[in-house]
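Asks: Below are the sequence and a predicted model; questions follow.
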Amino acid sequence: MPEAPASSPHAPAPVNILLAGFEPFDRDSVNPSWEVARALDGWQPDRAAVHGTGSGEATGETGQAGDRAAGRAVVHALQLRCVFGQATAQLDEAIATLRPALVICLGLAGGRADITPERVAINIDDARIADNAGRQPIDRAVVSGAPAAYFSSLPIKAIVHALRAAGLPASVSNTAGTFVCNHVFFALMHRLAHAGPGVQARGGFIHVPYLPEQAARVPGAPSMALETQIAALRSVIRTSLAVSQDLRETAGRLH
Ligand code: PCA
């Protein structure tokens, strides 16, 4: 559980960034989503970095989020259990403690080759495998009575644009699946939608590929080195802080 940093009377309170990743699941011994989050724990994207992403035209407009990012920002890593219900309780508790301006949850999508910001979270749990507590809900709402879906409030297209400009493979994903990642993503967006006045956190979910050592056990599976994944998440955070209005360029698919 991350601690909120002590506030100093001289410096403005830092902008807190909550970066969550998952524990290993499905017989794996490592989960790159947590390895990336913990590598960035304590990282402070500085003002120059926020405004000079090296991505040229990728940054779009800056607005309120960019202005706030002009002060200090600091990343707090949180490891989530891969357990329906428990992971969302952990995330809720961290949000209540840190009051972050930005919440990015990461998860492993084994079989994907690139960094994939998710566009949409859906209000359904439909587990093909059991979670780490043996739970396997089928066709159950994440939050009963809540809307069918929420969109990410991260600038997903600007994120992809900046990653590609830096030579890092990325694409928008239109499904986060129906397992614990989508569950957490939906609960996050529902929570942010009901955060009340004065709380203006942006949030979303990003899937990452296997690490090379994981992919070696699955013939033909794509992977991405941990250092590349960490570099990608630095870019994602900078773009999320700097860009308030997402790019209008297609990431559409026919199917
Ligand atoms: N990936 C799983 C759950 C935890 C993780 O890292 C998913 O995509 O649902």
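Replies: Structure's in. What do you need?

Asks: Just the element for the residue nearest to Arg202 when sequence neighbours are not counted, please.
Replies: The shortest distance from Arg202 to any non-neighbouring residue, by CB to CB, 6 or more residues apart in numbering, is to Ser153 (4.5 Å). Heads up, the C-betas are built off the backbone N, CA and C, glycines and all. Taking DSSP states H and E as the criterion, no element holds Ser153; it sits outside all helices and strands.

Asks: Please apply the same query to the one 10 residues further on.
Replies: Element membership for Leu163 (DSSP H and E) is helix 156-165.

Asks: Point out the other helices and strands that that helix packs with.
Replies: Packing contacts for helix 156-165, counted by 3 or more CB pairs under 8 Å, 6 or more residues apart in numbering; DSSP states H and E, involve strand 116-117, helix 226-242.

Asks: Of the ones you listed, which is nearest Ala165?
Replies: helix 226-242 (8.9 Å; CB to CB).

Asks: buried stuff in that closest one?
Replies: Going by neighbour count (16 or more other CB atoms under 10 Å), the buried part of helix 226-242 is 226, 228-242.

Asks: what's the answer for stretch 17-28, then?
Replies: Ile17, Leu18, Leu19, Ala20, Gly21, Phe22, Glu23, Pro24, Phe25, Asp28.

Asks: low-confidence ranges in this structure?
Replies: 1-11, 47-70, 198-199 (pLDDT under 70).

Asks: Flag every residue of this structure that's near the ligand.
Replies: Phe22, Phe25, Asn31, Ser33, Cys82, Gly107, Leu108, Ala109, Gly177, Phe179, Val180, Cys181 (CB under 6 Å from any ligand atom).

Asks: Tabulate these (JSON lines), appending secondary structure and distance to Gly252.
Replies: Below are those laid out as JSON lines (DSSP: H, G, I helix; E, B strand; the rest coil; distance: CB to CB, whole Å):
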{"residue": "Phe22", "secondary structure": "strand", "distance to Gly252": "29"}
{"residue": "Phe25", "secondary structure": "coil", "distance to Gly252": "31"}
{"residue": "Asn31", "secondary structure": "coil", "distance to Gly252": "30"}
{"residue": "Ser33", "secondary structure": "helix", "distance to Gly252": "26"}
{"residue": "Cys82", "secondary structure": "coil", "distance to Gly252": "31"}
{"residue": "Gly107", "secondary structure": "strand", "distance to Gly252": "23"}
{"residue": "Leu108", "secondary structure": "strand", "distance to Gly252": "25"}
{"residue": "Ala109", "secondary structure": "coil", "distance to Gly252": "20"}
{"residue": "Gly177", "secondary structure": "coil", "distance to Gly252": "20"}
{"residue": "Phe179", "secondary structure": "coil", "distance to Gly252": "25"}
{"residue": "Val180", "secondary structure": "helix", "distance to Gly252": "27"}
{"residue": "Cys181", "secondary structure": "helix", "distance to Gly252": "22"}
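
Asks: Now for those residues: which two are most distant?
Replies: Largest pairwise distance in these, by CB to CB, is 14.9 Å, between Asn31 and Gly177.

Asks: In terms of neighbours, single out the busier of those two.
Replies: Between Asn31 and Gly177, counted using other CB atoms under 10 Å, Asn31 has the larger neighbour count: 25 against 18.

Asks: which residues touch the residue lying closest to that one once chain neighbours are set aside?
Replies: Nearest residue to Asn31 in three dimensions, chain neighbours excluded: Pro24, at 4.6 Å (CB to CB, 6+ apart). If a contact means CB atoms under 8 Å, 6 or more residues apart in numbering, then Pro24 has Val30, Asn31, Trp34, Cys82 as its contacts.
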